[in-house]
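Enquirer: Need a 3D model of the sequence below.
(one chain, ligands or ions: 1)
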Amino acid sequence: MLKIAIAGVAGRMGRALIEALHNAESDRFALTAAVHKTASTLLGVDAGELAGVGHIGVPVVANLDDADFDLLIDFTLVEPTLEHVAYCQAHAKSIVIGTTGFSEDEKAQIAAAAGTIPVILAANMSVGMNLCFHLLKQMSRVLGDDSDIEIIEAHHRHKVDSPSGTAMRLGEVIADTLGRDLEQCAVYGRQGVSDARSRDTIGFATVRAGDVVGDHTVLFASEGERVELTHKASSRMTFAKGAVRAAAWLDGKPAGLYDMQDVLGFRD
Ligand code: NAD
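Expert: Predicted structure coming up:
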């Protein structure tokens, strides 16, 4: 039985993860530890009650030292996640990372840890979105060089990183497929007077409003037609269920850095 801990259980994703693990009713894995942060009034509260699924007998603890687990699911913030990665590496635990907003250096840090422990890092754990990543490669191959490509995303008003990790991933998939360097060709928002749009660029537009869970559209526009690939998440449960599926998949895998493309068998 795989023992799973969740970090950041009081967060929006933390609560959804408790519910998803509870609903999975698996005999292969179970939630054994719920970690919040020190000096919180939630310490000792039952994680199931916190998530609204009833008593599950797992009290909220302050740090990983107080948790009994084999695999950590982490949807928190960049800094705590990096600390958790170091902890998991030091204690030979696996980790599924849903946190977004890592710099290239921070991603390299995570990749280095994956030299000795199994790690899944995925900016979007939704199965539907990961199918979109897969389809996007084909769309980019067929349409990319002859189209203006724009990525439009919308999220709730509390989201702190922009563009979303998913929008950046969509950009990376397109750039990699077309042999472009995203850092060189990305254009983030537009204002005022500029030159005409260059076909080599990939544009990003960001909307932050209300309680939007996560909308992403990739637009390929050329002379005479537009093709759009759109994904709309209507509930955080899609990410939480994807993370639980990822955790179950990671069980028994060798050390390495994986993502949802591996989990879903889409790796080329
Ligand atoms: P949130 O602010 O609701 O939750 C974050 C939680 O982390 C908070 O409860 C906070 O108290 C907790 N936290 C902070 N420091 C901590 C520490 N040291 N130890 C333990 N917990 C700590 O945010 P959210 O909406 O739940 O999103 C969390 C992250 O997950 C963000 O980076 C978001 O972009 C990402 N996210 C990823 C996906 C995906 O599919 N990969 C989906 C949704 C959200």
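Enquirer: Roughly how far does Thr116 sit from the ligand?
Expert: 22 Å (CB to the nearest ligand atom, to the nearest Å). (C-beta placed from N, C-alpha, C; glycine too.)
Enquirer: same check, this time on Arg190
Expert: Taken as CB to the nearest ligand atom, the span from Arg190 to the ligand is 24 Å.
Enquirer: swap in Ser147?
Expert: Remark: distance between Ser147 and the ligand (CB to the nearest ligand atom) = 27 Å.
Enquirer: Please, which helix or strand holds the closest residue to that residue other than its chain neighbours?
Expert: Leaving aside its sequence neighbours, Ser147 sits nearest to Phe220 (CB to CB, 6 or more residues apart in numbering; 3.9 Å). Phe220 belongs to strand 214-222 when elements are defined using DSSP states H and E.
Enquirer: Can you name the element that comes right after that strand?
Expert: strand 225-233.
Enquirer: gap between that following strand and the chain center?
Expert: How far strand 225-233 lies from its chain's middle: 20 Å, per CA atoms, centre = their mean, to the nearest Å.
Enquirer: cool, and stretch 129-140?
Expert: Centroid displacement of stretch 129-140 relative to its chain, using CA atoms, centre = their mean, is 16 Å.
Enquirer: Over to stretch 13-33?
Expert: For stretch 13-33, the separation from the chain centroid amounts to 17 Å (computed by CA atoms, centre = their mean).
Enquirer: just to revisit the earlier point, what count of nearby residues applies to the residue nearest to Ser147?
Expert: Phe220 is flanked by 21 other residues according to other CB atoms under 10 Å.
Enquirer: Distance-wise, check it relative to Val207.
Expert: Note on Phe220: its distance to Val207, by CB to CB, to the nearest Å, is 20 Å.
Enquirer: Quick check: Ser26 touching Ala248?
Expert: Yes: judged on CB atoms under 8 Å, Ser26 makes contact with Ala248 at a distance of 7.1 Å.
Enquirer: Who has more neighbours out of those two?
Expert: Ala248 (18 against 13).
Enquirer: pLDDT score for the residue of the stretch 1-150 of the chain found nearest the ligand?
Expert: Of all residues in the stretch 1-150 of the chain, Gly11 sits closest to the ligand, at 2.1 Å by CB to the nearest ligand atom. Note on Gly11: pLDDT of 94.
Enquirer: Report the contact partners of it.
Expert: Contact analysis of Gly11 by CB atoms under 8 Å, 6 or more residues apart in numbering lists 75-76.
Enquirer: Can you name the helix or strand that the nearest residue to Ile174 once chain neighbours are set aside falls in?
Expert: With CB to CB, 6+ apart as the criterion, Ile174 has its nearest non-adjacent residue at 4.8 Å, and that residue is Ser140. Using DSSP H and E, Ser140 falls within helix 127-143.
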